[in-house]
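Asker: Give me a 3D structure for the following:
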Amino acid sequence: MMVNTDILVPMTDANQNFSKVVRMVDEGGMAVILKNNKPKYVVVDFSEYDSIAAAIQLRNQRIEAVADEILEENMETFTELAK
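Answerer: You can find the predicted model right below:
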């Protein structure tokens, strides 16, 4: 994953100056907070949250559909293995 280095904020800076993080989100849409020099948290504008949550829900639905399809296609095998 590519991360724009302009939106990185060390945890100590975020703790001491959260308004800096808010400004970054207002200007660039997001801020990435580093913990131990590694990206740990993403702060996004709340208006983006719905689209992120919808994408996660869609991904989970696709995973469930594939799992159901695999179970259906292999039910006889699974039943035999369960004996």
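
Asker: quick one: the strands in the protein?
Answerer: 8-10, 30-35, 38-44 (DSSP state E).

Asker: what's the angle between the last one and strand 30-35?
Answerer: In this case it means strand 38-44. With axes from the mean of the first three to the mean of the last three Cα atoms, to 10 degrees as the basis, strand 38-44 and strand 30-35 are set at 150 degrees to each other.

Asker: To residue 52, which of the strands of the chain lies closest?
Answerer: Among the strands of the chain, the nearest to residue 52 by Cβ to Cβ is strand 38-44 (7.1 Å). For glycine as for every other residue, the C-beta is placed from the backbone atoms N, C-alpha and C.

Asker: Show me what the closest one is packed against.
Answerer: The contact analysis (3 or more Cβ pairs under 8 Å, 6 or more residues apart in numbering; DSSP states H and E) places strand 38-44 against helix 18-28, strand 30-35.

Asker: Quick check: which of the ones you listed is buried the most?
Answerer: strand 30-35 (a mean of 18; mean count of other Cβ atoms under 10 Å).

Asker: who does it pair up with?
Answerer: Applying DSSP bridges to the sheet, strand 30-35 is found paired with strand 8-10 (parallel), strand 38-44 (antiparallel).

Asker: Including mean pLDDT, could those go into a markdown table?
Answerer: Below are the strands paired with strand 30-35 laid out as a markdown table (pLDDT from 0 to 100):
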| stretch | mean pLDDT |
| --- | --- |
| strand 8-10 | 95 |
| strand 38-44 | 94 |
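
Asker: Please identify the most buried of those strands.
Answerer: Taking mean count of other Cβ under 10 Å, strand 8-10 is the most buried of the strands paired with strand 30-35, at a mean of 16.

Asker: Give me the residues contacting that one.
Answerer: 20-21, 24, 31-34, 37, 39 (Cβ atoms under 8 Å, 6 or more residues apart in numbering).

Asker: Turn these into CSV, columns for distance to residue 2.
Answerer: As requested, the contacts of strand 8-10 are exported to CSV (distance: Cβ to Cβ, whole Å):
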residue, distance to residue 2
20, 22
21, 20
24, 17
31, 16
32, 11
33, 17
34, 16
37, 17
39, 11
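
Asker: what packs against the helix ranked longest in the chain?
Answerer: Assignment by DSSP state H gives helix 46-73 as the longest helix of the chain. Secondary structure elements in contact with helix 46-73, counted by 3+ Cβ pairs under 8 Å, 6+ apart, are absent; no helix or strand qualifies.
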